[in-house]
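Asker: fold the following, please.
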Amino acid sequence: MTSFPQDATTPQDPSAPWPFTGRAAETELVRRGGVVVTGPAGRGKTRLVSEALHGTEHVRAIGTPECRGIPFAAFAHLLPEPVTLHGAVRLLSGVRLLFVDDAHLLDDASAALIHQLAAHGRTRLVVVAADDAPAPGAVSRLWTGELLPRLALAPLRREESAELLAAALGHGVDPLTADRLHRLCGGDLRLLRELVRAVVFAPVDGTEERAWRGPVPVTAAVREHAARVLRPGRTAERAVLDALAFAEPLPLSLTPPADTDALDLTALAELEAEGLVTVDAHGAARLAHPLHGPVLRAAAGRLRARRPARAPDRCGPALAAEAEALRRAVARDDVRELSAPVGEWLAAEGAPLPAGYAALRARFARLGGRLREAAAWAREGLRTRDDPECRGELALAEAQSGLPPTGHLTGAAAVWTAAARGDLDGAVRAAAPYDAVRLGTPDPVPPAGRLTGVFAAHADALVRRDGPALDEAAERLRRRGFLLFAAEAHAQAVGAHRDPAAARASRSRAAVLARRCQGARTPALTAVILGELTARQRQIVSLAAAGLSNRQIAERLTLSVRTVGNHLHAAYTRLGTGDRDALPRLVEPPTARSA
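Answerer: Residues are numbered from 1 along each chain as shown. I've put the predicted structure just below:
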């Protein structure tokens, strides 16, 4: 059960630099040089380039807004005064690698200089520019004129954000917290850091993770990020924003609640055109960014703030509608992620969730392969009472993650726990038909009438040991959101293929999907996941699993203790665990059932 005690903790050293994680492909592209990196402020462009160029010989120039009227200001430390454009090009042509940061702030002469250097091609250029601010024409023509390729830096994916948080804080965060921070920051790493500094994390019982529940802290950085919604002088638009801040979502097709104001549709249309408000397919209006509501509520005067805000006890109908949408999706065998913001808001605020809703969210996440998320939803349902459905979902999520059980096991959870121990015969005897397929045991064949659709196709392909058919079933499962099932089907295809190239492709697909399944450990995936480690990582993990300390491993392999720690950290990321005690059961996969 999740608790939020008084001794909750914040990061030990919030001012320390955060580690650099992910972005492997982008780093390699930048390292080769000859590229323009673009993206909005806070996306991590400069950090990416700095990491990629670390240890290389290069020269750096930086654009600044204060010097945009001074010719060649960004290159003043590299050029004599005075100098012509021709002379500047000649002097800098001998530079092998030039890193130009904040190129959108360059003066016109400096912008022309890097354009000419790119055109001449003798200097490798790495240029960073924000794409949410106007840039000199000579800078934008670097990529529009195809002088340099453009790397438009995408936001970190949800999984990468969670990995960054764990590395920065020194501990994992529960999936609901990681998802909330990911949504609030929208890829702005500076804002993510500011929020992490401001919130309080509490231990999650039964795990090594921490959680954040409660209101969003309205810090100076948060206000700055939401400054657009606080601008004065627009009475009608501000009235709409305030109404949404206290009671979103508001339906446009229905009469507003008696305690809210009617929305000015003209003002609403203008706000939608500006990107400050969104209207969904059901005709409900919302603020475009999840930070806007907290900032508007904090800025409201006392009289304005007296309007009834959205409260947990008023969310019953909306929560029931979300639950019905989730049930329909499961009935359609379609568990692709759905928008269910009301339940997420209640969980984020720390409000008690109905156990039935929490169990449904847990099941939906588990079927989609998001096992840590499933466990988090189940724990939310168990916060107020010991619900059997939530307890069962928690046990299933833990069992399929290879974690030791935290309570009495029955049914499917007992099957997967037995499989994790290596007792596949016992597991299969008690397994439901599709669980038996996932465990890789096509004999006895489940009766055809008990499996339908893509699940029957998966079973049939496994019985026939048909590699291409297993891959096809895996792709059908993936398209419906069953990522863990798809990973298992691809993994089973590895041994069924006669063509080694096809087997390698199936293994690669299985590994990619398995990494999205939040630490899933099932018999089909174990060999695939261990195969993702390098030879050195497997060696170090095996020694750590045998009980050796980092220093003992370093002495045995003639490595530094820091190198051993780096290899273990990389292996933990691949294996989906940060728990050294979990290594023995990960390194020693369950015994396969004999044919």
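
Asker: dead centre of the chain: give me the residue that sits there.
Answerer: Nearest residue to the geometric centre of the chain (CA atoms, centre = their mean): residue 158, 0.8 Å.

Asker: quick one: contacts for the residue lying closest to it once chain neighbours are set aside?
Answerer: Nearest in space to residue 158, with sequence neighbours left out and distances taken as CB to CB, 6 or more residues apart in numbering, is residue 182 at 5.0 Å. For every residue, glycine as well, the C-beta is placed using N, CA and C. Counting by CB atoms under 8 Å, 6 or more residues apart in numbering, residue 182 touches 156, 158, 161-162.

Asker: can you do 10 Å?
Answerer: 155-162, 165, 192 (CB atoms under 10 Å, 6 or more residues apart in numbering).

Asker: buried ones only from the residues you listed, please, as a ChimeraX command.
Answerer: To isolate the buried members of these in ChimeraX, using 16 or more other CB atoms under 10 Å:
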select :155,156,158,159,161,162,165,192
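
Asker: out of the contacts of residue 182, which are inside helices?
Answerer: 158-162, 165, 192 (DSSP state H).

Asker: tell me the helix or strand right after the helix or strand containing residue 426.
Answerer: Taking DSSP states H and E as the definition, one finds residue 426 inside helix 424-430. With elements assigned by DSSP H and E, the helix or strand that comes after helix 424-430 is helix 433-438.

Asker: list the helices and strands that next one packs on?
Answerer: helix 411-421, helix 424-430, helix 453-463, helix 483-496, helix 523-531 (3 or more CB pairs under 10 Å, 6 or more residues apart in numbering; DSSP states H and E).

Asker: just the C-alphas of the shortest one, formatted as CSV.
Answerer: C-alpha atoms of helix 424-430 as CSV (Å, rounded to 0.1, in the frame of the first residue of the first chain):
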residue,chain,number,x,y,z
LEU,A,424,7.1,-24.5,-16.2
ASP,A,425,5.5,-27.9,-16.0
GLY,A,426,3.6,-26.8,-12.9
ALA,A,427,2.8,-23.4,-14.4
VAL,A,428,1.4,-24.9,-17.6
ARG,A,429,-0.8,-27.4,-15.8
ALA,A,430,-2.6,-24.5,-14.0
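
Asker: can you give me the buried ones in it?
Answerer: Buried residues in helix 424-430 (16+ other CB under 10 Å): 424, 427-428.

Asker: before we move on, what about the fourth one?
Answerer: Residues of helix 483-496 classed as buried by neighbour count (16+ other CB under 10 Å): 483-496.

Asker: among these, show me the least confident.
Answerer: Lowest pLDDT within the buried residues of helix 483-496 is found at residue 495 (89).

Asker: any low-confidence regions in the protein?
Answerer: 1-16, 232-234, 251-263, 282, 301-313, 407-408, 442-449, 529-532, 573-579, 581-595 (pLDDT under 70).

Asker: could you list the domains of the protein?
Answerer: 24-152, 223-309, 314-418, 432-528, 533-587 (automatic domain parsing).

Asker: quick one: terminal-to-terminal distance for the fourth one?
Answerer: This points to domain 432-528. For domain 432-528, the separation between the terminal residues is 24 Å (CA to CA, to the nearest Å).

Asker: where's the residue nearest to residue 158 relative to residue 162, distance?
Answerer: 8 Å (CB to CB, to the nearest Å).

Asker: common neighbours of the two, please.
Answerer: Counting by CB under 10 Å, 6+ apart, the residues touching both residue 182 and residue 162 are residue 156.

Asker: may I have the phi/psi pair for the residue lying farthest from the centre of the chain?
Answerer: Centroid-distance maximum for the chain: residue 82 at 50.2 Å, with CA atoms, centre = their mean. Dihedral angles of residue 82 (phi, psi; degrees, to the nearest 10) stand at phi -80, psi 170.

Asker: pretty sure it sits against residue 72.
Answerer: Yes: applying CB atoms under 10 Å, one finds residue 82 in contact with residue 72, separated by 9.0 Å.

Asker: joint contacts of those two?
Answerer: In contact with both residue 82 and residue 72: no residue, using CB under 10 Å, 6+ apart.

Asker: sorry, back to before: relative to residue 379, which of the buried residues of helix 424-430 is nearest.
Answerer: Lowest distance from residue 379 to the buried residues of helix 424-430 (CB to CB) belongs to residue 427, with 25.3 Å.

Asker: thinking again about what came up before, just the closest of the buried residues of helix 424-430 to residue 316, please.
Answerer: Scanning these for proximity to residue 316, where the rule is CB to CB, the winner is residue 427, at 40.3 Å.

Asker: that closest one and residue 438: what is the separation?
Answerer: Distance check for residue 427 against residue 438: by CB to CB, it reads 10 Å.

Asker: give me the common contacts of these two.
Answerer: Common neighbours of residue 427 and residue 438 are listed as 415-416, 419, 523 (criterion: CB under 10 Å, 6+ apart).

Asker: any idea which of these is closest to residue 317?
Answerer: Among the shared contacts of residue 427 and residue 438, and counting by CB to CB, the member closest to residue 317 is residue 416, at 36.1 Å.

Asker: chain neighbours aside, what residue packs nearest to that closest one?
Answerer: Among residues not flanking residue 416 along the chain, residue 399 sits closest, at 3.6 Å (CB to CB, 6+ apart).

Asker: same check, this time on residue 218
Answerer: Nearest to residue 218 is residue 298, by CB to CB, 6+ apart, at 4.2 Å.

Asker: what about the one you found, which SS state?
Answerer: Here residue 298 is helix, with the state taken from DSSP: H, G, I helix; E, B strand; the rest coil.

Asker: which residues of the chain fall in strands?
Answerer: 35-39, 59-62, 97-101, 124-130, 150-152, 202-203, 210-211, 250-251, 277-279, 284-287 (DSSP state E).
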